[in-house]
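Peer 1: sequence and predicted structure below; questions after.
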Amino acid sequence: QVQLVESGGGLVQAGGSLGLSCAASGRTFSPYAMGWFRQAPGEEREFVAAVRWSGGSQYYADFVEGRSTISRDSAKNTVLLQMNKLKPEDTAVYYCAATGPINKHGFVSRRAYDYWGQGTQVTVSS
């Protein structure tokens, strides 16, 4: 069984930066990709960014393109999300997710991900 644990959330002022980290554990961890999603109160959980485990190709939602960077360290089984120029509308619970070893539903759909972390709160004050 794979377990994902996020860290790094917190309170930041608008225009500031924050880095989120996700550590994966499991006997055989070899996802096709890992991603970050977020969910604001009363909203659907939405895709933020994803990275292919092999090769490191990155994918971003339009609203974070140019402001965020996702990266992975396959040796440490971790994925990082660096967010810059944060806006109040970025306030949400951020979830780390991992697919299985095969890409079944792309990167944007929640259906693509088999494992989820517990989430970490990011609050951006204006």
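Peer 2: Nice, I can see it.

Peer 1: and the most centrally placed residue in the chain, backbone torsions?
Peer 2: With distances taken as Cα atoms, centre = their mean, the residue of the chain nearest its centroid is residue 36 (1.9 Å). Main-chain dihedrals, residue 36, degrees, to the nearest 10: phi -120, psi 140.

Peer 1: cool, and residue 88?
Peer 2: phi -50, psi -30.

Peer 1: burial of it, as a residue count?
Peer 2: 11 (other Cβ atoms under 10 Å). All C-beta atoms are positioned from the backbone trio N, CA, C, and that covers glycine.

Peer 1: before we move on, what about the one 5 residues further on?
Peer 2: Other residues lying near residue 93 total 18 when counted by other Cβ under 10 Å.

Peer 1: give me phi/psi at it?
Peer 2: Dihedral angles (degrees, to the nearest 10) for residue 93: phi -90, psi 130.

Peer 1: for residue 90, which non-adjacent residue is closest in space?
Peer 2: Spatial nearest neighbour of residue 90, excluding adjacent residues (Cβ to Cβ, 6 or more residues apart in numbering): residue 124 at 5.1 Å.

Peer 1: no further questions, thank you.
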